[in-house]
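# Sequence and predicted structure are below.
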Amino acid sequence: MKWQNVATYGLGTWFGCGYVPRAPGTAGTLGAIPLYLLLRASGSVTILAVAGALAILGVLASSRIVRETGKKDPQIIVIDEVVGVLVTLAAAPPTWPALVVGFVAFRIFDMWKPWPARTAERLPEGWGVVADDVVAGAYGAAVLGVLRATGVL
């Protein structure tokens, strides 16, 4: 296997999380938590900057995997979940309850795909794979923002 394939599939599957046989999207979201915990002390701007960098890498890796597999959004690709949950958690206060609420909110929006997530999903190749999760992440961040503003978190 060429090093490019190792890098593509390593990132695209978030170091193998996408190969979990049941609920690979949830596995990918869980796989993002160590990265979030590492970044959390650096603040929201850093978390969003890393999410942005991973989004770019995710589009590239996802596009290649989509072309190689011939599938619109192969389940093994979970870097999009990593990006999306980082967008959500950038709005979280540094507490365990907020992390759990953010995780659950992101997964709900990722599965539900409210507008414009469903529309974003129709973009070509890796753009569609990643964009809908960015939208789901923004919805999750909005939920965390409301819960923070109301003093719940």
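All right, it came through fine.

# Now residue 130: which helix or strand?
Residue 130 belongs to helix 125-149 when assigned by DSSP states H and E.

# can you give me the helices for the chain?
With DSSP state H as the criterion, the chain has helices at 3-12, 24-39, 44-69, 79-89, 96-112, 117-121, 125-149.

# Can you check which of these gets nearest to residue 18?
Proximity to residue 18 (Cβ to Cβ) singles out helix 24-39 among the helices of the chain, at 4.8 Å. C-beta coordinates here come from the backbone N, C-alpha and C atoms, glycine included.

# Report the buried residues of that closest one.
Using 16 or more other Cβ atoms under 10 Å as the test for burial, helix 24-39 gives 24-33, 35-36, 39.

# One more: stretch 51-61?
51, 54, 55, 57, 58, 59, 60, 61.

# How about stretch 86-106?
For stretch 86-106, burial by neighbour count (16+ other Cβ under 10 Å) applies to 86-92, 98-99, 101-103, 105-106.

# Any chance of TSV for the buried residues of stretch 51-61, columns pLDDT?
Listed next are the buried residues of stretch 51-61 as TSV, based on pLDDT from 0 to 100:
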residue	pLDDT
51	98
54	98
55	98
57	97
58	97
59	97
60	96
61	97
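
# Nearest to residue 11 among these?
Residue 11 lies nearest to residue 61 out of those, by Cβ to Cβ, at 4.6 Å.

# Which residue, neighbours along the chain excluded, lies closest to that closest one?
Computed as Cβ to Cβ, 6 or more residues apart in numbering, the closest residue to residue 61 that is not its neighbour in sequence is residue 12, at 4.0 Å.

# isn't that neighbour right next to residue 60, touching?
No - in this structure, residue 12 is not within contact of residue 60 by Cβ atoms under 8 Å, at 9.1 Å.

# From residue 147, how far off is residue 12?
Separation of residue 12 from residue 147 (Cβ to Cβ, to the nearest Å) stands at 32 Å.

# Those two: who's more crowded?
Using other Cβ atoms under 10 Å as the criterion, residue 12 and residue 147 rank with residue 12 on top: 27 against 19.

# quick one, what contacts the more buried one?
Shown in contact with residue 12 (Cβ atoms under 8 Å, 6 or more residues apart in numbering): 18, 58, 61, 62, 64, 65, 76, 77, 78, 79.

# would you turn the residues you listed into a markdown table with distance to residue 136?
Output for those, formatted as a markdown table (distance: Cβ to Cβ, whole Å):
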| residue | distance to residue 136 |
| --- | --- |
| 18 | 17 |
| 58 | 14 |
| 61 | 19 |
| 62 | 15 |
| 64 | 23 |
| 65 | 20 |
| 76 | 19 |
| 77 | 15 |
| 78 | 13 |
| 79 | 14 |
